[in-house]
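**Student:** Have a look at this fold, sequence not included:
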Ligand code: PHB
């Protein structure tokens, strides 16, 4: 008799415990953030996590009556792992939104899961043009390589650079950078002497840079993914390329704010094109950089963090617009067409392409208050991804 009472009491307690849990789940909005937290792309994961947490700290963790739960998974930047984690997040955790995606192969591998489960997938980092075409549920808050590379194809020939060798990492974004820079540069009368590609995993830049030295172009155009820039810069300086009269021009992935200040004075004067610099002189950006550094032991936010921060905003605003009641399709619809002032400048989520439209800046590495920064000196307003203009 006593035992039965005990069992009854225990199961009642279990139900009582489960009740608020079930209730909480109904009022929870889950964001599954899949990022490379370890391995070659770990800086991207670290930056985006910090940005997402900052956004939540600044904007609260309750939106439209829902408690926001951020579930962070480390995909070690292996696409098979990204896909498996995304599947688990959808099936087991029942996330409302998938987000993150540090590299193109990870985003591509996950696209079918977003489509099948009708889950909005916010790409905060990966930047190959075609990613948004891989699923109608993808929305991008980072950038595309064609978007920033075309600007360099216009700037270089107007600034005394007539011959170039291109050096890119051999996968989606590198191929995009090479193609769109080259096309525009040649259209403007420039000559591409050689096009070199280095592998994504454990690249050794030395033999490639030796080839560039021998070819003696006016400049070397470089794209490598965030995290690899310091290694290229180091080799470039060590080999005395600059002294041999070869300038470096690049997308801003190379003079990454995460690493730039440690690259040394050899990086001074390097001109790049990109959508975000920690030195962007708007009041909103100054506040953002200050808050980010304060919350992260003085770590400087890079362009990856920017994609994460704005990605969180796009998710929050979609949740508000749907009053916390919407499923995947309603959320997706509310993400399309969002327009707002970001720390990077004015941005728009193009309703047709679901890709970001933004300003692209010309920047030069300069010293400010004893630190190296990408200092903006010109801007091309409201650039759409040229890869979509078919
Ligand atoms: C990508 O894999 O799409 C990617 C990664 C890092 C970058 C740019 C693009 O800096």
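**Tutor:** Nice, thanks for sending it over. All values reported here derive from a predicted model rather than from experimental measurement. Numbering: from 1, shown residues only.

**Student:** and the stretch 251-390 of the chain, which residues reach the ligand?
**Tutor:** residue 253 (Cβ under 6 Å from any ligand atom). Any C-beta I mention is one placed from the backbone N, CA and C, and that applies to glycine too.

**Student:** can you pull the contacts of the closest residue to the ligand within the stretch 251-390 of the chain?
**Tutor:** The nearest approach of the stretch 251-390 of the chain to the ligand comes at residue 253, 3.7 Å away (Cβ to the nearest ligand atom). Residue 253 is in contact with 223-226, 229, 274, 303, counting by Cβ atoms under 8 Å, 6 or more residues apart in numbering.

**Student:** repeat for residue 295
**Tutor:** By Cβ under 8 Å, 6+ apart, residue 295 lies in contact with 50, 53-54, 57.

**Student:** try 7 Å
**Tutor:** Taking Cβ atoms under 7 Å, 6 or more residues apart in numbering, we find residue 295 in contact with 54, 57.

**Student:** Quick check: which ranges of this structure have low pLDDT?
**Tutor:** For the chain, the stretches with pLDDT under 70 are 1-25, 389-390.

**Student:** Centre-most residue in it?
**Tutor:** Residue closest to the average C-alpha location in the chain (Cα atoms, centre = their mean): residue 125, at 2.2 Å.

**Student:** and the closest residue to that one other than its chain neighbours, what element?
**Tutor:** With sequence-adjacent residues excluded and distances taken as Cβ to Cβ, 6 or more residues apart in numbering, residue 125 is closest to residue 102, at 4.8 Å. Per DSSP states H and E: residue 102 is located in neither a helix nor a strand.

**Student:** so residue 152 touches residue 271, yeah?
**Tutor:** No. When contacts are counted by Cβ atoms under 7 Å, residue 152 is not listed as touching residue 271 (8.0 Å).

**Student:** Neighbour count for the two, which is higher?
**Tutor:** Neighbours were counted for residue 152 and for residue 271 using other Cβ atoms under 10 Å; residue 152 has more, 28 against 21.

**Student:** Just say helix, strand or coil for the nearest residue to the more buried one once chain neighbours are set aside.
**Tutor:** Leaving aside its sequence neighbours, residue 152 sits nearest to residue 273 (Cβ to Cβ, 6+ apart; 4.7 Å). Assigned with DSSP: H, G, I helix; E, B strand; the rest coil, residue 273 falls in the strand class.

**Student:** just checking, residue 383 touches residue 360?
**Tutor:** Yes. In this structure, residue 383 is within contact of residue 360 by Cβ under 7 Å, at 4.7 Å.

**Student:** can you map out the strands along the stretch 101-250 of the chain?
**Tutor:** Per DSSP state E, counting those that start in this stretch, the stretch 101-250 of the chain carries strands over the ranges 121-123, 138-140, 163-169, 191-198, 219-223, 247-251.

**Student:** Among those strands, show me which one is buried the most.
**Tutor:** By mean neighbour count, with neighbours taken as mean count of other Cβ atoms under 10 Å, strand 121-123 ranks first of the strands of the stretch 101-250 of the chain at a mean of 31.

**Student:** Residue 155: how many residues sit nearby?
**Tutor:** Residue 155 - counted by other Cβ under 10 Å - has 20 other residues nearby.

**Student:** Could you measure from the spatially closest residue to it that is not a sequence neighbour over to residue 331?
**Tutor:** Nearest residue to residue 155, sequence neighbours excluded (Cβ to Cβ, 6+ apart): residue 362, at 5.7 Å. Going from residue 362 to residue 331 by Cβ to Cβ, to the nearest Å gives 36 Å.

**Student:** And residue 32, by the same measure?
**Tutor:** From residue 32 over to residue 331 (counting by Cβ to Cβ), the distance is 13 Å.

**Student:** rewinding a little: which residues do residue 383 and residue 360 both contact?
**Tutor:** What both residue 383 and residue 360 touch, as defined by Cβ under 7 Å, 6+ apart, is the set residue 147.

**Student:** Compare those two (neighbour count), which wins?
**Tutor:** Neighbour tally, residue 383 and residue 360, criterion other Cβ under 10 Å: the higher count belongs to residue 360, 24 against 21.

**Student:** Check whether stretch 191-203 comes close enough to the ligand to count as a contact.
**Tutor:** No. No part of stretch 191-203 sits near the ligand under the criterion Cβ under 6 Å from any ligand atom; the closest distance found is 8.2 Å.

**Student:** Use 4 as the first number for this chain going forward.
**Tutor:** Got it, the first residue is 4 from now on, which makes the last one we talked about stretch 194-206.
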